[in-house]
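S.K.: After the sequence you'll find the predicted model.
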Amino acid sequence: MRILLFVTVVVLHSSFPAYGEPLIRTVALEGGIAPGTGGSLFGGFSLPLINDRAHVAFFGTTTGSNDVWSEGGGALHRVAAVGDAAPDSGGFNFASFENLNFNDLDQTAFVAMLAGAP
């Protein structure tokens with residue numbers, strides 16, 4: 001069985017065709033190529049969030065990694081991955097993520113545990 005992360009939104013914005021009609025679209029597909037990863041495949045999804053711009057953020061697993069993904073800025077991209085260097089952390093790397101948040105300005109926030117941190 002393939003898992004599909006899709007979004008159903010009632011759009012109340014005049015820039016979308018068929019004003020006010022539901023918009024259903026595929027955001028990511030289990031087994032599909034994760035953008036910007038050099039060919040890694042999506043393996044699963046959790047905690048999908050949607051904002052007023054109909055953009056989505058979620059936790060997603062890819063080949064060998066657990067990642068934070070966002071459509072903030074318009075295109076789906078990886079925000080952070082386990083093993084990435086955590087900014088301003090003194091050289092620690094991300095070990096895990098929780099408490100994902102996504103606002104109407106397309107800003108993604110999350111809590112991260114750091115590898116090697118006290």
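M.R.: On my side now, so go ahead.

S.K.: can you pull the contacts of the most centrally placed residue in the chain?
M.R.: The geometric centre of the chain, computed from its C-alpha atoms, lies nearest to residue 69 (CA atoms, centre = their mean), at 2.1 Å. Counting by CB atoms under 8 Å, 6 or more residues apart in numbering, residue 69 makes contact with 28, 34, 57-60, 76-79. Quick note: C-beta positions are derived from backbone N, CA and C, even for glycine.

S.K.: 10 Å - rerun?
M.R.: 5, 27-28, 34-36, 42, 45, 48, 56-60, 62, 76-81, 100, 108 (CB atoms under 10 Å, 6 or more residues apart in numbering).

S.K.: are any of the residues you listed buried, and which?
M.R.: Neighbour-count burial (16 or more other CB atoms under 10 Å) is assigned, among the contacts of residue 69, to 5, 27-28, 34, 42, 45, 48, 56-60, 62, 76-81, 100, 108.

S.K.: does residue 99 sit in a helix, a strand or a coil?
M.R.: Following DSSP: H, G, I helix; E, B strand; the rest coil, we place residue 99 in the strand state.
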